[in-house]
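A.B. asks: next input, structure requested:
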Amino acid sequence: MDKLANFTRHYPRSGEVNYWKKKGFSVDATPRIPTFDLTWQERDIVKSIENEICKVQNQGYKGIIIGGLTNVMVYAWYIAQSYGLDVLHTRGRSTGSGYKIITHTRLLNASSLYFEYINKK
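C.D. replies: Coordinates of the predicted model:
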């Protein structure tokens, strides 16, 4: 079973863990996203994310699950893929008892998107 690091701010609920297990993934419940406040500059955020992604890769994870602050997730997506990790995003909805994952998607490689759009010009 491939290991996924939880790169969100919350601990996954049992339904989320079961969803990933059915898809062949083992999810580490520990939120791995660094904590930031409004005093952080964007480059500092990137460096902190890169440090955490490096740890994730060195610990044998296959990919990360993202969610949360848009800028942080964009940086995490790009950096994680540069380390050879898959980046997965869930789609779901809130229910009376929490959050239910409906489906997930593996995000496209950022560099392939860049080259695709740069070649259109």
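
A.B. asks: so what's the residue count around the spatially closest residue to residue 69 that is not a sequence neighbour?
C.D. replies: Of all residues not flanking residue 69 in the chain, residue 36 sits nearest, at 7.7 Å (C-beta to C-beta, 6 or more residues apart in numbering). (Glycine included, C-beta is placed from N, CA and C.) Here the number of neighbours of residue 36 (other C-beta atoms under 10 Å) works out to 14.

A.B. asks: helix/strand/coil for residue 36?
C.D. replies: coil (DSSP: H, G, I helix; E, B strand; the rest coil).

A.B. asks: any idea which element the closest residue to residue 93 other than its chain neighbours lies in?
C.D. replies: Nearest non-adjacent residue to residue 93, counting by C-beta to C-beta, 6+ apart: residue 100, 6.0 Å away. Secondary structure from DSSP states H and E places residue 100 in strand 98-106.

A.B. asks: show me what that strand is packed against.
C.D. replies: Applying 3 or more C-beta pairs under 8 Å, 6 or more residues apart in numbering; DSSP states H and E, we find strand 98-106 packed against helix 14-22, strand 86-95.

A.B. asks: what does that strand rub up against?
C.D. replies: The contact list for strand 98-106, computed with C-beta atoms under 8 Å, 6 or more residues apart in numbering, reads 13, 15-16, 19, 23, 63, 86-94.
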